[in-house]
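Novice: Below are the sequence and a predicted model; questions follow.
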Amino acid sequence: MADLFGDDLPPPESEEPLAEDAPLADRLRPRTLDDVVGQEHLTGPEGAIGRMVAAGKLSSMILWGPPGTGKTSTSRLLAKAVGMRFAAVSAVFSGVADLRKAFAEAETAARAGQRTLLFVDEIHRFNRAQQDGFLPFVERGTVTLVGATTENPSFALNAALLSRAQVLVLNRLDEMALSMLLAKAEALEGPLPLTDEARAALIATADGDGRFLLNQAETLYAAHIEEPLGPGPLGKFLQRRMAVYDKDRDGHYNLISAFHKSVRGSDPQAALYYMARMLVAGEEPLYILRRLAAIASEDIGLADPQAMVQVMAAKQSFEFLGSPEGELPLAQAVIYCASAPKSNAACLAKGIAMEVARETGSVAPPMNILNAPTKMMKDMGYGAAYHYDHDQPDAFSGDNYWPDGVPAQEFYKPNERGFERELKKRLEWWQKKRVERRGG
């Protein structure tokens, strides 16, 4: 039996009335697309689903969203809204035989003039070959495919399948949507035994998952609590749900991306928040430090050379102290890097230099800066007219170091922020001396 939000497969179209002791989420299952909360950007009149339903014709689609956001319910109601036959398989429990049976039944229904919406739960769990198996049936119109996934389709699904389906993103349920769910529950079961503050806390613990919220509410109803609970007693009564975070999947990449951009954007408060989110979710501190080292070069660079020193010192301290004490040097390095002046001049310079190196190939450096370990090489002109800089005025010769045919270029262009302001002065001074040495 399906629930209101999602992880179970929908029931057949000929639904029997639910028993009074059925789970609260099942009893509150939406009956129409208008009853699905929190996804109005898709189900509303201007949304992709709303427009398809109004036209009476569905295209294949992938519903991508966190757990408990209505993927299953939306799929079931889509078929009902346009008068299609509904069939469902789960990638967790189904194999090739189940898919063949579903396709065969869809072909039989098509010959009878009945279109089939095939709902595939956790579609990302099918391997590449199995995903390819959907293609001919989708192309022929045997089925309209609606896949549900909690994983980023760009990584989890075949490009060929994605090209034949529209990806629709379901939002994590916000506070308003979760409040609406609780209101529906209270209309059915009566007021929850909670103070206003505890009610807000209950919504916060759901972390955007509607089914989880209703399960928690059902636990409260079952306990027959007489006096309303405040946030403290509620926290003791209900176990708080940990944030969703798969270290090798979307949660991992989303948080590390937010962390990187917060440091780059010079917001140490937000950077500390995302650092803490990752640590609470079980991320390895050394992974965060590796990203911080990349930031110290990519986004701070020579505007503050001490940034890399701080990061490496934090790494060494963490390896020496371990957790949790070693996480304090990590936080210190995060604050330092987020507060540091920013420059990507070195990063840009490296990229341009790599392009020019690829273009110029194996052109030889000028003869004057080549070593001449043998007499023959000396006779050939290796090292000829080389000026040892330390013997020159200002310890600077101004010699040419560029290969013949490759003009001198300016890859590194320091900005006016932080230590790069000083570097810019130094480079300008060397260039002035270079012009003087070469006689203008």
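Specialist: Done, it's in.

Novice: Output the below-cut-off pLDDT ranges for the stretch 1-150 of the chain.
Specialist: Within the stretch 1-150 of the chain, the stretches falling below the threshold (pLDDT under 70) are 1-20.

Novice: can you give me the helices for it?
Specialist: Listed in chain order, the helices of the stretch 1-150 of the chain (DSSP state H, counting those that start in this stretch) span 24-27, 40-43, 48-55, 71-82, 96-111, 128-132, 135-140.

Novice: same question, the stretch 151-300 of the chain
Specialist: Under DSSP H, counting those that start in this stretch, the stretch 151-300 of the chain gives helices at 153-156, 159-162, 175-189, 196-205, 210-222, 231-237, 250-264, 268-280, 285-295.

Novice: Nearest approach to residue 270 belongs to which of the helices of the stretch 1-150 of the chain?
Specialist: With C-beta to C-beta as the criterion, residue 270 lies closest to helix 40-43 of the helices of the stretch 1-150 of the chain, at 25.6 Å. Heads up, the C-betas are built off the backbone N, CA and C, glycines and all.

Novice: which parts of that closest one are buried?
Specialist: Within helix 40-43, the residues scored as buried using 16 or more other C-beta atoms under 10 Å are 40, 42-43.

Novice: do the same with stretch 198-214
Specialist: 198-199, 201-203, 205-214.

Novice: Over to stretch 173-189?
Specialist: Buried, per 16+ other C-beta under 10 Å, within stretch 173-189: 173, 177-179, 181-182, 184-185.

Novice: Among those residues, which one lies nearest to residue 377?
Specialist: Distances from residue 377 to the buried residues of stretch 173-189, taken by C-beta to C-beta, are shortest for residue 173, at 74.3 Å.

Novice: Tell me if I'm right that that closest one and residue 37 touch.
Specialist: Yes - at 7.1 Å, residue 173 and residue 37 qualify as touching, with contact defined as C-beta atoms under 8 Å.

Novice: what do the two both touch?
Specialist: By C-beta atoms under 8 Å, 6 or more residues apart in numbering, residue 173 and residue 37 have these common neighbours: 181, 210.

Novice: before we move on, the earlier item: any idea which of the helices of the stretch 1-150 of the chain is most buried?
Specialist: Burial of the helices of the stretch 1-150 of the chain is given as mean neighbour count (mean count of other C-beta atoms under 10 Å); helix 71-82 ranks first at a mean of 23.

Novice: And the closest residue to residue 86 other than its chain neighbours, how far from residue 378?
Specialist: Leaving aside its chain neighbours, residue 86 sits nearest to residue 79 (3.9 Å; criterion: C-beta to C-beta, 6 or more residues apart in numbering). Per C-beta to C-beta, to the nearest Å, residue 79 is found 86 Å from residue 378.

Novice: Ok, residue 318 next?
Specialist: Going from residue 318 to residue 378 by C-beta to C-beta gives 53 Å.

Novice: of those two, who's got more company?
Specialist: Legend: neighbour count by other C-beta atoms under 10 Å for residue 318 and residue 378, higher for residue 318 (21 against 12).
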